[in-house]
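Visitor: Got a sequence here, can you model it:
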Amino acid sequence: KRQYQRRVRGNSVTLAMEHSRRKGWPNWSLVLDQYLKNPEDFKDIVVKQTAEFLLIKDKYPKARYHFLILPRQHTIDEPNRLKKQHLQLLKTLKSYSDSFIKEIKSKDNDVELQVGFHAIPSLRYLHLHIISKDFDSPGLKRKEHWNSFTTEFFLPIHLVIEILEKQDALNIETEKYTDLAKSNTLYCPLCPFETKNLNNMKVHYKDCYAKHKTCLLYT
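Guide: Residues are numbered from 1 along each chain as shown. You can find the predicted model right below:
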């Protein structure tokens with residue numbers, strides 16, 4: 001499958017997540033804490049839990065399937081805090097996500113999913129996204145939402161593991177990823193189409209993704 005990669009320059013806009021780096025995490029970014037502390041109070045959100053991980057539905061899904069996995073025994077704020085010492089945690093987390101994906105595909109074999117982290121998350125506490133590539137949801141209503149799942153801003157977990165096997169820390173470039181998130185131009189991850197209008201992108205992608213799925217049936 002041909003991939004289209006571009007260097008995207010965004011506006012120099014201060015994100016709420018940047019504010020969290022400078023002055024502490026704002027209250028609204030701590031929402032995941034309640035699920036970790038009292039999962040029994042959120043039976044409509046919590047899908048399953050083990051001693052190591054909590055798996056929940058994303059409250060505002062950006063696709064037909066959208067889940068988060070939260071490590072329970074590690075208080076890591078964000079991917080930029082990850083270091084080589086966390087490799088075993090990440091590998092176990094990947095194994096857990098792979099197992100859950102098998103469960104999903106046993107019920108919907110055609111679904112395509114991607115698994116990874118946001119380079120600069122808006123919510124505190126490390127959380128892994130499992131999201132379907134249809135990006136078909138009314139919750140996906142801002143350009144930042146599109147960019148956060150369809151550009152390099154989304155860090156696949158296997159890539160994070162590969163990086164930490166070669167170096168001591170992830171070392172995320174804040175400016176680079178902020179620009180990606182705030183880019184005014186939106187790009188289709190499957191073809192050269194680009195637009196500055198999110199609704200136009202969603203209409204285009206629905207058709208483009210359907211063609212992509214059809215092609216997969218014959219490859």
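Visitor: burial of the residue lying closest to L186 once chain neighbours are set aside, as a residue count?
Guide: Excluding the flanking residues, the one nearest L186 by C-beta to C-beta, 6 or more residues apart in numbering is M201, at 4.6 Å. Any C-beta I mention is one placed from the backbone N, CA and C, and that applies to glycine too. When neighbours are counted by other C-beta atoms under 10 Å, M201 registers 23.
Visitor: Which helix or which strand is home to M201?
Guide: helix 198-217 (DSSP states H and E).
Visitor: show me the contacts for I131.
Guide: 58, 61-63, 65-67, 113-115, 149 (C-beta atoms under 8 Å, 6 or more residues apart in numbering).
Visitor: at 10 Å what do you get?
Guide: Neighbour list for I131: 58, 61-68, 112-116, 137, 149, 154 [criterion: C-beta atoms under 10 Å, 6 or more residues apart in numbering].
Visitor: doesn't it fall inside a helix?
Guide: No: assigned with DSSP: H, G, I helix; E, B strand; the rest coil, I131 falls outside any helix and is strand.
Visitor: bridging residues for it?
Guide: Here I131 sits in beta bridges with H66, Q114, going by DSSP bridges.
Visitor: What pLDDT is listed against it?
Guide: Predicted confidence (pLDDT) for I131: 98.
Visitor: Give me the neighbour count for E40.
Guide: 7.
Visitor: Identify the residue nearest E194 in space, chain neighbours excluded?
Guide: The nearest residue in space to E194 (C-beta to C-beta, 6+ apart) is Y187, at 5.0 Å.
Visitor: Looks like the one you found contacts C208 (just checking).
Guide: No: counting by C-beta atoms under 10 Å, Y187 stays clear of C208, with 11.5 Å between them.
Visitor: Looking at these two, which one has more neighbours?
Guide: Each of Y187 and C208 has its neighbours counted (other C-beta under 10 Å); Y187 has more, 20 against 16.
Visitor: Near I104, how many other residues are there?
Guide: With other C-beta under 10 Å as criterion, I104 counts 15.
Visitor: who are the neighbours in contact with L82?
Guide: Counting by C-beta under 10 Å, 6+ apart, L82 makes contact with 74, 76, 89-90, 117, 126, 155, 160-161, 163-164, 169-172.
Visitor: Tell me which two of those residues sit farthest apart.
Guide: Farthest-apart pair in the contacts of L82 is H74 and N171; separation 19.2 Å (C-beta to C-beta).
Visitor: Let me see the ranges of the helices in this structure.
Guide: Here the chain has its helices, by DSSP state H, at 16-23, 32-37, 87-107, 143-150, 157-166, 174-181, 198-217.
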